[in-house]
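Undergrad: generate coordinates for the sequence data below:
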Amino acid sequence: MAEGRISSAKTSLVVRFFDRIVAHWRKHNPLHSVAELKILVIAGVSLTTILLGIRQLGGLEPLELAAYDQMLRLRPTPPLDPRMLIVGITEADLRSQQRWPLSDQVMADMLSQLQRHQPKVIGLDLVRNFPNDPGHQAFVRELQRPNVITIRTLGNAPDEAVKSLPEAPPKQVGFSDIIVDTDGVVRRSLVFAADDQQTATSFAMQIAMTYLSSQGSVTAANELVLGRQIFRPLQANSGGYQTTDSRGYQLLLNYHRPDTPARIVPLSAVLQGRVEPTWVKDHIVVIGATAPTLKDSFYTPYSAMLQGNPRMAGVVVHAQMISQILTAAQGGRSLFWFWPESLEILWIVGWGMAGGILAWWAQRPLWLVVGGTGLLAALFGLSYGLLANGGWVPVAAPALAAIAIGSFTVAQQMQYARQQQQIGLKLLGQQTSPEVAAALWNARDRLLQSGVLTGQTLTATILFLDICRFSTISEQRPTEEVMSWLNEFMRAMTHAVHTHQGIVNKFTGDGLMAVFGVPIPRTTTTEIAADAQHAVACALAMGDRLHALNQEWGYRNLPIVKMRVGIFTGPVMAGSLGGQMRLEYAVIGDSVNIASRLEGCEKDRQSQHCRILIARETLDYLQNQFRVESWGHLQLRGRQTSVEVYEVLGYGHANP
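TA: Next up, the predicted model:
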């Protein structure tokens with residue numbers, strides 16, 4: 001038997017079309033479905049647990065922050081905040097003044113000009129801890145006005161802190177330190193911090209509370225209440241954060257706009273009196289450096305979308321913080337809110353289950369791709385909708401959970417499909433053409449039941465092939481040479497069967513049995529006739545291929561042989577046959593016996609290298625496409641009734 005060695009590459013043709021047999025197998029084998037479901041559930045729980053552990057350790061924080069930044073960038077841009085004006089010290093201002101830091105006289109003149117228009121609050125985002133004459137006393141007088149807020153810094157260590165001028169009223173000084181995440185982006189604002197066992201207030205919060213004429217109040221839960229808003233502090237695991245440093249009283253910074261929250265004018269416009277008074281009256285005026293060379297700038301979530309200089313000046317960041325506090329306190333856009341940890345876990349688990357269910361349901365790659373894309377789009381859309389309403393929920397963790405569990409489900413289905421491939425191959429017991437394999441796949445639901453190909457009666461054409469005098473050849477040649485030579489012969493014959501849409505049902509040592517018309521039942525005469533014509537055309541092609549092989553074998557000093565072919569068309573029973581240890585796809589019945597007897601009858605009556613015998617039952621379907629010669633009614637071995645036999649001579653008109 002050369003079955004194990006013949007055309008192994010062709011096996012993939014059936015394997016490929018039985019890849020997805022799992023869907024039908026599940027429906028008809030509930031016990032296996034339960035076992036598979038248990039595996040998927042256990043795997044889903046394990047994958048989710050691992051993912052949650054990675055998240056707890058902060059491993060997903062960069063992805064969550066990237067998703068958060070992207071959602072911020074998608075938000076519509078509101079109008080400028082009408083309550084503020086930013087005075088920026090630009091590169092042109094530096095060239096005009098020709099010194100840095102600016103002299104106290106310039107600072108005093110700037111503040112004096114602004115005070116003429118009656119601002120409600122002036123915030124000076126410039127550190128001044130020593131006199132810078134000329135004009136120091138004039139500058140001090142301006143700093144001591146009750147609506148002027150100046151800055152100091154806390155620093156990362158006591159020796160890094162920078163104090164303000166001693167003449168500045170302590171209650172009118174706020175710290176200007178800005179918190180930067182590990183990726184260098186500003187997403188949080190620190191509004192209160194411990195300093196020398198006292199609570200220090202930020203520059204932005206000092207300005208906001210002065211503007212609102214309120215110092216705020218602290219609830220029993222140590223939460224700040226300002227105006228209409230409770231300012232709940234950011235926790236270490238709020239939103240996409242998991243391991244962030246939440247010391248002090250921090251807020252998630254809700255940027256008003258991607259560029260600047262308020263109108264900006266240069267210092268020169270203030271000094272020259274070119275600022276519209278209505279921009280200042282009863283407004284907040286924040287003064288600070290915007291010149292890039294002064295390097296007081298920061299990356300923000302919007303930096304990726306900004307052209308030119310992607311960094312935001314520190315004074316503008318402070319203005320963003322002020323705008324957020326004022327808007328929340330006055331009943332506008334509220335602060336960000338976050339789900340409790342338990343609800344976030346349910347959110348992540350739910351999306352992971354959705355990914356697994358989608359992968360289970362999607363039986364085609366296209367459905368899986370479209371469905372998976374839609375699922376992730378829905379996740380992002382819902383998360384964006386929540387963010388637009390002030391809620392920051394995890395995005396990366398549920399997306400990874402859906403992808404991980406969905407991928408495992410697909411992998412499990414592929415593994416299960418591979419098992420079904422083996423079942424399909426064992427049951428079918430042969431290799432086949434792409435056309436037949438496609439038909440098998442399309443009819444898989446009714447062909448494969450309870451792990452077997454169900455038996456059915458159908459009309460098929462059977463072809464038997466055998467090599468003449470093979471026993472003599474095998475006696476005279478070494479076994480290895482005979483096996484190699486026989487494999488070469490069988491490859492050629494098998495290819496002819498596949499080309500003509502037949503199935504090689506079994507190999508019989510020095511021959512084979514091919515079937516045309518199984519396992520898909522033929523329901524019309526036209527379909528049965530096509531199978532018969534394919535079988536006869538296959539036999540002629542086998543003869544042509546043998547002629548070419550004989551010529552080649554003659555050059556190689558290998559055996560030159562003849563072969564016999566018997567073909568019969570009639571009813572057969574086809575289906576799985578065998579026991580628990582071995583099953584194969586069998587085609588049985590009287591039609592099979594007749595085809596076998598036609599191949600072996602009157603062995604000495606052969607004038608050509610390939611003798612093809614058919615019966616009247618096959619000839620009736622050939623529609624005069626082949627030339628035949630009648631052999632009359634013959635008594636075949638093992639049969640009581642005779643069979644009308646014809647030899648196929650080639651293509652052309654039949655001559656019965």
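
Undergrad: isn't Gln501 right up against Gly517?
TA: No. Gln501 is not in contact with Gly517 according to Cβ atoms under 8 Å; the separation is 9.3 Å. Yep, even glycine has a C-beta here, placed from its N, CA and C like the rest.

Undergrad: neighbour-wise, which of those two wins?
TA: Gly517 (27 against 19; other Cβ atoms under 10 Å).

Undergrad: so what's that one up against?
TA: Leu458, Thr459, Ala460, Thr461, Glu527, Ile528, Asp531 (Cβ atoms under 8 Å, 6 or more residues apart in numbering).

Undergrad: what's the span of stretch 182-202, first residue to last?
TA: Distance between the two ends of stretch 182-202: 21 Å, counting by Cα to Cα, to the nearest Å.

Undergrad: cool, and stretch 496-511?
TA: End-to-end span of stretch 496-511 (Cα to Cα): 14 Å.

Undergrad: list the buried residues in it.
TA: For stretch 496-511, a neighbour-count test (16 or more other Cβ atoms under 10 Å) marks 496-498, 500-507, 510-511 as buried.

Undergrad: could you do stretch 263-277 as well?
TA: So for stretch 263-277, counting by 16+ other Cβ under 10 Å, buried means Ile264, Val265, Pro266, Leu267, Ala269, Val270, Leu271, Val275.

Undergrad: so the last one sits right up against Pro266, yeah?
TA: No. Counting by Cβ under 8 Å, Val275 does not reach Pro266; the two are 9.7 Å apart.

Undergrad: returning to what we had before: select from the contacts of Gly517 the one having the most neighbours.
TA: Among the contacts of Gly517, the one with the most neighbours (other Cβ under 10 Å) is Thr461, at 32 neighbours.

Undergrad: returning to that earlier point: what about the buried residues of stretch 263-277, which are in helices?
TA: Taking DSSP state H as the definition of helices, the buried residues of stretch 263-277 contribute Leu267, Ala269, Val270, Leu271.

Undergrad: pick the one among these closest to Glu142.
TA: Distance to Glu142 across those (Cβ to Cβ) is lowest for Val270, with 12.9 Å.

Undergrad: list the contacts for the closest one?
TA: When the contact criterion is Cβ under 8 Å, 6+ apart, the partners of Val270 are Val87, Met110, Gln113, Leu114.

Undergrad: please redo it, this time with the cut-off set to 10 Å
TA: Val270 makes contacts with 85, 87, 93, 109-114, 117, 280, 285, 287, as judged by Cβ atoms under 10 Å, 6 or more residues apart in numbering.

Undergrad: I'd like those as TSV, with neighbour count and secondary structure appended.
TA: Rendered in TSV, the data for the contacts of Val270 read as follows (neighbours: other Cβ atoms under 10 Å; DSSP: H, G, I helix; E, B strand; the rest coil):
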residue	neighbour count	secondary structure
Leu85	26	strand
Val87	28	strand
Asp93	22	helix
Asp109	18	helix
Met110	23	helix
Leu111	23	helix
Ser112	16	helix
Gln113	18	helix
Leu114	22	helix
His117	19	coil
Val280	23	coil
Val285	28	strand
Ile287	23	strand
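
Undergrad: biggest separation within these, which pair?
TA: Those two in those that are separated most widely, counting by Cβ to Cβ, are Asp93 and His117, at 19.5 Å.

Undergrad: counting neighbours, what do you get for Gln324?
TA: Gln324, neighbours per other Cβ under 10 Å, totals 26.

Undergrad: now it: phi and psi?
TA: phi -60, psi -50 (degrees, to the nearest 10).

Undergrad: any idea how far the nearest residue to Ala532 once chain neighbours are set aside lies from Arg597?
TA: When the adjacent residues along the chain are set aside, Ala532 lies closest to Tyr621, with 3.8 Å between them (Cβ to Cβ, 6 or more residues apart in numbering). Shown here: Tyr621 relative to Arg597, a distance of 19 Å by Cβ to Cβ, to the nearest Å.

Undergrad: what about the residue lying closest to Gly227 once chain neighbours are set aside, distance to Met205?
TA: Residue nearest to Gly227 in three dimensions, not counting chain neighbours: Ala329, with 3.1 Å by Cβ to Cβ, 6+ apart. Taking Cβ to Cβ as the measure, Ala329 falls 10 Å from Met205.

Undergrad: neighbour count for those two, which is higher?
TA: For Ala329 and Met205, the more surrounded residue by other Cβ under 10 Å is Met205, and the numbers stand at 26 against 22.

Undergrad: ok so, going back, closest one of the contacts of Gly517 to Gly570?
TA: Distance to Gly570 across those (Cβ to Cβ) is lowest for Thr459, with 6.7 Å.

Undergrad: in which helix or strand would I find the closest residue in space to that closest one that isn't next to it in sequence?
TA: Counting by Cβ to Cβ, 6+ apart, the nearest residue to Thr459 once its immediate chain neighbours are dropped is Ile528, at 5.1 Å. Taking DSSP states H and E as the definition, Ile528 sits inside helix 525-555.

Undergrad: let me see the mean pLDDT of that helix.
TA: Here helix 525-555 scores 96 as its mean pLDDT.

Undergrad: next SSE after it?
TA: Taking DSSP H and E as the definition, the helix or strand that follows helix 525-555 towards the C-terminus is strand 563-578.

Undergrad: okay, angle between that next one and helix 525-555 too, please.
TA: Strand 563-578 and helix 525-555 are oriented at 120 degrees to each other (axes from the mean of the first three to the mean of the last three Cα atoms, to 10 degrees).

Undergrad: pull the CA atoms of strand 563-578 into CSV?
TA: The C-alpha coordinates for strand 563-578 follow below in CSV (Å, rounded to 0.1, in the frame of the first residue of the first chain):
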residue,chain,number,x,y,z
MET,A,563,-3.3,-0.9,-16.9
ARG,A,564,-7.0,-1.8,-16.9
VAL,A,565,-9.9,0.5,-15.9
GLY,A,566,-13.5,-0.5,-15.1
ILE,A,567,-16.3,2.1,-14.9
PHE,A,568,-19.9,1.6,-13.8
THR,A,569,-22.7,4.0,-13.0
GLY,A,570,-25.4,3.0,-10.6
PRO,A,571,-26.8,3.3,-7.0
VAL,A,572,-24.4,2.9,-4.1
MET,A,573,-24.6,3.3,-0.3
ALA,A,574,-22.0,5.8,1.0
GLY,A,575,-21.1,6.8,4.5
SER,A,576,-18.9,6.1,7.5
LEU,A,577,-18.1,2.4,8.1
GLY,A,578,-16.2,0.8,10.9
